[in-house]
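Chemist: Take a look and give me a structure for this.
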Amino acid sequence: MKKRFITLFGLLVLAITYAQTAIATEQEVKNTIVNDNAYVKKNLKVPEGTYSKEGAMEFWSSGGLIQHVKADGRLEEYDSFNIDVKHIDVTILVPDEVAIAHYYSEGSMTPKGSPAVSNYRTRVSQIYTKEAGKWKVRSSHWSPITGGSGTSQTAIVE
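Modeler: Alright, predicted model coming up:
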């Protein structure tokens, strides 16, 4: 009887620890998305260190073929950026290691050297991996919402 109690207690502790780690993972990923978006609004450029050390694969809202983004990312700059992220939902694949975020990105922007996008509305799916204590983008897919538009960017300029 004592062994069963110890085993059940151990399983309960593991379940609670897993749940706490999962809740923390969800909040950390949400915070990463919100904070990165706030950084772009304030600084009119994408923060360095957003992408995984392995880089990322992406489908952009402008359409086109898959893009392979290097670890230093897409260091985009903007003349204006008024995009909000909404309804972030995080699915945890491995607590504190890998998660998928789904959300909406809506607003307006003017990328440097490109036409203004006055009705930017997309659905976003991103895979995040935790590297050296920080959540990094490993894959992204932006898909325009009907009635909205994506960016005009179609390829990485090197």
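
Chemist: what's the burial count for Val40?
Modeler: Neighbour count of Val40, defined by other CB atoms under 10 Å: 18. For the C-beta atoms, the positions are set from N, CA and C on the backbone; glycine is no exception.

Chemist: Tell me how far it lies from Ser52.
Modeler: Distance of Val40 to Ser52, given as CB to CB, to the nearest Å: 19 Å.

Chemist: what do you get for Leu65?
Modeler: Counting by CB to CB, the gap from Leu65 to Ser52 is 20 Å.

Chemist: Tell me the strands beside the longest strand anywhere in the chain, with direction?
Modeler: The single longest strand within the chain, with elements called by DSSP state E, is strand 78-94. Applying DSSP bridges to the sheet, strand 78-94 is found paired with strand 98-111 (antiparallel).

Chemist: Just confirm His68 contacts Gly55, I think it does.
Modeler: Yes: contact criterion CB atoms under 8 Å: His68 and Gly55 qualify, at 6.4 Å.

Chemist: Settle it for me: which of the two has more neighbours?
Modeler: Gly55 (17 against 10).
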